[in-house]
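*Asks:* Below is the sequence, then the predicted model.
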Amino acid sequence: MCLGLVMENLDISIVNLAVPDIAKSLQTGLSQMQWVLNAYLVLGAIFMVIGGRLGDILGQFRVLWIATFIFTLASFFCAFSPNADSLIASRALQGIGFGMSLPLIVAINFYVFPVNQRALVISIGMAVSGIAQIMGPFLGGLLLQFWSWHSVFLINLPVGVLGLLLIWLVMPKKPLIGERETIDWIGAALFILSLLSILIALTEVSAWGITSWTFLLCMTFGILLFAVFILVEQKRKHPLIDLNLFKIKIYWQSSLIRILCSFIYCSFLFLMPLYLQSILGKTPFWSGMIFLLMNVGYAGMSIFNDKLLSVFGEKKSLAISFILYFVSLVTTVIAVVVDNNWLLYVSLLVQGMTTSIMIVTTATVALGAVSKEKSGLASGVFYTISTLGFSVSIAAVGSLLVSVSNLYLFKKINDMTLTAAQFFKLQAAAQGIHSLKALAEIFPAKLAHTMIVLAHHAFILGFVGAMILNMILVGMAALLLRRVDT
């Protein structure tokens, strides 16, 4: 179980760091890289719900073995993907394995270990996850620095094979089978199609235009499908997501705050590697070390969260985290605009600490509002929602970056004559997909410096736009918090 947590936490933290290298190697744009990340998250979110149900029907250990096999096999496919489309498909398969395994790891803990040992096992699991998150940027930086992006997927193979062997050895002869409930495949299909339609619209809005018929039809189709999903779920005996949970006021309020927090957090996971490697020109190793500050703050603060909650309570603790996060967003904008690395490092450390408070507190409030009988179901839905917040963040923030940077570039190069290859490189550099230094290879010496400055300014404007959006979301979360009665 610990090996599964290591594999999944390493993957989440390492792949974001590898985005610039993957984009350069596969010669792809930002929108496809968004799908490399989102294919994993979307399918993972859906199969978090399905995986638990499959475990109840077929046996927890058996399905965990299948999920680990899928994740390991998909990692192999990811490592040897020849193009972006095949990588996206492999990442979707990897997300299925990730999503299926996560609820089973928790469920097996409750089946196998006695009550007096469960808290210790959960604590060990959290510690292992924390260590994996901290080691992810460091290990990812090393792999990318001295090998290639393929290695960030290949590292899953020995861990996965060892996990498969251990699961097989400890698997009981009599399968651990829970309450048999049918899986709502119709609900799952509607949910996936509606979510994909909305995410496609958000990802491609910069290319289509917000007033284009393509965008409006795609977004409307997704929203209508989601409405149908809601109607269908209300009539299902065993729905994919129990909508009755959202009749609990504190639960839905905390879930909504969690979505906002996930959106903000993921925007940093997505944008910061692009900024550090493509704009500042940091090596993958040093980018990983800088990014490590955020995870150190997160892991370090997790030690003190219980004391903070006991002293201030859930509501005040969240309020403190929102204030600190807002301040860190402001300092991040200042650090990026004036190019002050030390101020950026402090901001990342504070963001990691405040993210830890927000994640722990929202989960405590939301799951504390439901009965013990529904705690498992409520937990699965809550973490599915949190993961979907990540997906929406990648789609929306990526499109915002593209829109703002393109608007700036079009205004500045309106009177210039560029080849298609030059314009593609300039756009890619302004979006953080290609290094600014790469522009010197395609533009004449006299023009290269001007283009580097333009691309740098375009990215910074898009980055600042994303931070302003995050500030607005922090304000919305704070307003919502005022209505929460903990």
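*Replies:* All right, it came through fine. Residues are numbered from 1 along each chain as shown.
*Asks:* got any ranges where the stretch 201-350 of the chain has weak pLDDT?
*Replies:* Filtered on pLDDT under 70, the stretch 201-350 of the chain yields no residues whatsoever.
*Asks:* ok, now with 90
*Replies:* 201-216, 218-219, 222, 225-226, 229-322, 338-342, 344-345, 348-350 (pLDDT under 90).
*Asks:* before we move on, what about the stretch 51-200 of the chain?
*Replies:* Scanning the stretch 51-200 of the chain for pLDDT under 90 picks out 51-68, 79, 81-85, 95-200.
*Asks:* where exactly do the helices run in it?
*Replies:* For the stretch 51-200 of the chain, the helices defined by DSSP state H, counting those that start in this stretch occupy 60-79, 84-112, 115-146, 151-154, 156-170, 185-208.
*Asks:* From residue 261, how far out is residue 294?
*Replies:* 14 Å (Cβ to Cβ, to the nearest Å). Bear in mind the C-beta positions are built from the backbone N, C-alpha and C, glycine included.
*Asks:* I'd like the helices of the stretch 51-200 of the chain as JSON lines, with mean neighbour count and distance to residue 231 appended.
*Replies:* Shown next, in JSON lines, are the helices of the stretch 51-200 of the chain (neighbours: other Cβ atoms under 10 Å; distance: least, Cβ to Cβ, whole Å):
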{"stretch": "helix 60-79", "mean neighbour count": "22", "distance to residue 231": "30"}
{"stretch": "helix 84-112", "mean neighbour count": "22", "distance to residue 231": "25"}
{"stretch": "helix 115-146", "mean neighbour count": "17", "distance to residue 231": "37"}
{"stretch": "helix 151-154", "mean neighbour count": "22", "distance to residue 231": "40"}
{"stretch": "helix 156-170", "mean neighbour count": "16", "distance to residue 231": "39"}
{"stretch": "helix 185-208", "mean neighbour count": "20", "distance to residue 231": "10"}
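*Asks:* looking at those, which is closest to residue 25?
*Replies:* Among the helices of the stretch 51-200 of the chain, the nearest to residue 25 by Cβ to Cβ is helix 84-112 (9.9 Å).
*Asks:* Leaving out sequence neighbours, find the closest residue to the residue positioned nearest the centre of the chain.
*Replies:* Nearest residue to the geometric centre of the chain (Cα atoms, centre = their mean): residue 390, 4.2 Å. Once flanking residues are discounted, residue 390 sits nearest to residue 266: 4.2 Å by Cβ to Cβ, 6 or more residues apart in numbering.
*Asks:* Buried residues, the one helix or strand that neighbour maps to. List them.
*Replies:* Element membership for residue 266, per DSSP states H and E: helix 249-274. Buried residues in helix 249-274, defined by neighbour count with 16 or more other Cβ atoms under 10 Å: 250-251, 253-274.
*Asks:* same thing with stretch 226-241?
*Replies:* 226, 229, 232, 233, 239, 240, 241.
*Asks:* how near is the last one to residue 196?
*Replies:* Looking back up the chat, that one is residue 241. 17 Å.
*Asks:* which is the next helix or strand following the helix holding residue 266?
*Replies:* helix 284-302.
*Asks:* which helices and strands sit right next to that following helix?
*Replies:* Applying 3 or more Cβ pairs under 8 Å, 6 or more residues apart in numbering; DSSP states H and E, one finds that helix 284-302 contacts helix 2-26, helix 115-146, helix 249-274, helix 341-368.
*Asks:* Show the subsequent helix or strand relative to the last one.
*Replies:* Once helix 341-368 ends, the next helix or strand along the chain (criterion: DSSP H and E) is helix 375-412.
*Asks:* tell me the contacts of residue 22?
*Replies:* 28, 33, 36, 87, 149 (Cβ atoms under 8 Å, 6 or more residues apart in numbering).
*Asks:* isn't the fourth one right up against residue 81?
*Replies:* Yes - counting by Cβ atoms under 8 Å, a contact exists between residue 87 and residue 81, whose distance comes to 3.8 Å.
*Asks:* Quick check: residue 197 touching residue 217?
*Replies:* No - between residue 197 and residue 217 there is no contact under Cβ under 8 Å: 9.4 Å.
*Asks:* got any ranges where the stretch 351-486 of the chain has weak pLDDT?
*Replies:* For the stretch 351-486 of the chain, the stretches with pLDDT under 90 are 351-455, 474-486.
*Asks:* And the buried residues of stretch 226-241, which is closest to residue 451?
*Replies:* The shortest approach to residue 451 among the buried residues of stretch 226-241 belongs to residue 226, at 42.6 Å (Cβ to Cβ).
*Asks:* What are the structural domain limits within the protein?
*Replies:* Domains of the chain are assigned by automatic domain parsing as 1-182, 184-239, 244-486.
*Asks:* Quick one: closest of the helices and strands packed on helix 284-302 to residue 213.
*Replies:* Here helix 249-274 is closest among the helices and strands packed on helix 284-302 (Cβ to Cβ), at 27.4 Å.
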